[in-house]
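> I would like the atomic coordinates for the input below:
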Amino acid sequence: MNKSKSPASAIDRYISRSPEAFRDALEKVRAAIRKAAPEATETIKYGVPTFVLRENLVHFAAFKNHIGFYPTPSAISAFRDRLSAYKSAKGSVQFPLASPMPVKLIEQMVRFRVKEVRRKDRG
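Predicted coordinates for the structure are as follows:
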């Protein structure tokens, strides 16, 4: 169950205030995250949409020509081979707006982060 209430409206506002060309991609990223982490809470942190599961799980944001996705350095490292087609840095990846959003890859990265957070809780 999605526990978000008013914070979701903040993400709704973020998306609605983004340039129209980005809205569909932002909604796809958001839906992929929700599917992979339905128990996570939505909020805005650092001025960007953030999903939280006892800690920051992932962030995403619209930029000039891409959607920035921030799943932490551990997820970037774990998916390095699958991310080779995209510009990435220590804890981020850029998904070009001109290309289809890699929804399945986003879901897999979010599931990786969920497992990582749950391991921390146990250990």
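> element containing Arg119?
helix 103-122 (DSSP states H and E).
> so how far is that helix off the chain centroid?
11 Å (CA atoms, centre = their mean, to the nearest Å).
> I figured Met109 hits Phe79, correct?
Yes: using CB atoms under 8 Å, Met109 makes contact with Phe79 at a distance of 5.7 Å. To be clear about C-beta, it is placed using only N, CA and C from the backbone, and glycine gets the same treatment.
> send the alpha carbons of stretch 107-119 over as PDB?
Output in PDB follows, covering the C-alpha atoms of stretch 107-119 (Å, rounded to 0.1, in the frame of the first residue of the first chain):
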ATOM      1  CA  GLU A 107      12.200  -1.400 -11.500                       C
ATOM      2  CA  GLN A 108      15.100  -3.800 -11.100                       C
ATOM      3  CA  MET A 109      17.300  -1.100  -9.600                       C
ATOM      4  CA  VAL A 110      14.600  -0.100  -7.200                       C
ATOM      5  CA  ARG A 111      14.100  -3.700  -6.100                       C
ATOM      6  CA  PHE A 112      17.800  -3.900  -5.500                       C
ATOM      7  CA  ARG A 113      17.700  -0.800  -3.300                       C
ATOM      8  CA  VAL A 114      14.700  -2.300  -1.400                       C
ATOM      9  CA  LYS A 115      16.600  -5.500  -0.700                       C
ATOM     10  CA  GLU A 116      19.600  -3.400   0.300                       C
ATOM     11  CA  VAL A 117      17.600  -1.400   2.800                       C
ATOM     12  CA  ARG A 118      16.000  -4.500   4.300                       C
ATOM     13  CA  ARG A 119      19.400  -6.100   4.700                       C
END
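> okay then, goodbye and thanks.
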